[in-house]
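A.B. asks: What shape does this take:
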Amino acid sequence: WIKSPPAVARRLTRNWGPLLGVELALECDLPEGSGLSSSSAMITLSFLALATRNRLASRPAFPLLLPTDERLCHYLGCIENGHDCGPELPGAQG
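C.D. replies: Residues are numbered from 1 along each chain as shown. Next up is the predicted model:
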């Protein structure tokens, strides 16, 4: 989990430009490696915190590139897996 917030921050910076940071605190009792999508939850939490702090949804390109909830979910999956989400939202494996 410790790698998820920095990975999301790097990806959002790559796709949307410089960002203001956030402090995250998290408590969870899910067993590590339990298959309960805890890593997906961390990606989503990190995205929501950074997107809210930086008002990403108010940027002109945001509704053009991520116009639906489904497209946003696809983008979050691309972030988690390091994949491109179209040519405008490149990923970085690693």
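
A.B. asks: Please count neighbours and contacts with C-alpha atoms only from this point.
C.D. replies: Fine.

A.B. asks: For S34, see how far away the most centrally placed residue in the chain is.
C.D. replies: Nearest residue to the geometric centre of the chain (Cα atoms, centre = their mean): F47, 3.8 Å. F47 sits 22 Å away from S34, taking Cα to Cα, to the nearest Å as the criterion.

A.B. asks: Which positions in stretch 63-80 come out as buried?
C.D. replies: 66, 72, 75-80 (16 or more other Cα atoms under 10 Å).

A.B. asks: Repeat that for stretch 37-46.
C.D. replies: Across stretch 37-46, burial judged by 16+ other Cα under 10 Å covers 38-40, 42-46.

A.B. asks: So which of the residues you listed belong to helices?
C.D. replies: 38-40, 42-46 (DSSP state H).

A.B. asks: can you list these in CSV and add distance to P18?
C.D. replies: As requested, these are exported to CSV (distance: Cα to Cα, whole Å):
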residue, distance to P18
S38, 27
S39, 24
S40, 23
M42, 21
I43, 19
T44, 19
L45, 19
S46, 16
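
A.B. asks: can you tell me which of the buried residues of stretch 37-46 lies nearest to E23?
C.D. replies: E23 lies nearest to S46 out of those, by Cα to Cα, at 9.8 Å.

A.B. asks: What's the separation between L76 and P31?
C.D. replies: Taken as Cα to Cα, the span from L76 to P31 is 23 Å.

A.B. asks: so what's the nearest residue to E80 once chain neighbours are set aside up against?
C.D. replies: Leaving aside its chain neighbours, E80 sits nearest to I43 (6.6 Å; criterion: Cα to Cα, 6 or more residues apart in numbering). I43 sits next to 4-5, 8, 76, 79-80 when contact means Cα atoms under 8 Å, 6 or more residues apart in numbering.

A.B. asks: ok, and the helix or strand in this protein with the lowest average confidence?
C.D. replies: helix 38-53 (a mean of 92; mean pLDDT, DSSP states H and E).

A.B. asks: so what's the residue nearest to the centre of the chain up against?
C.D. replies: For F47, the contacting residues are 5, 8-9, 76, by Cα under 8 Å, 6+ apart.
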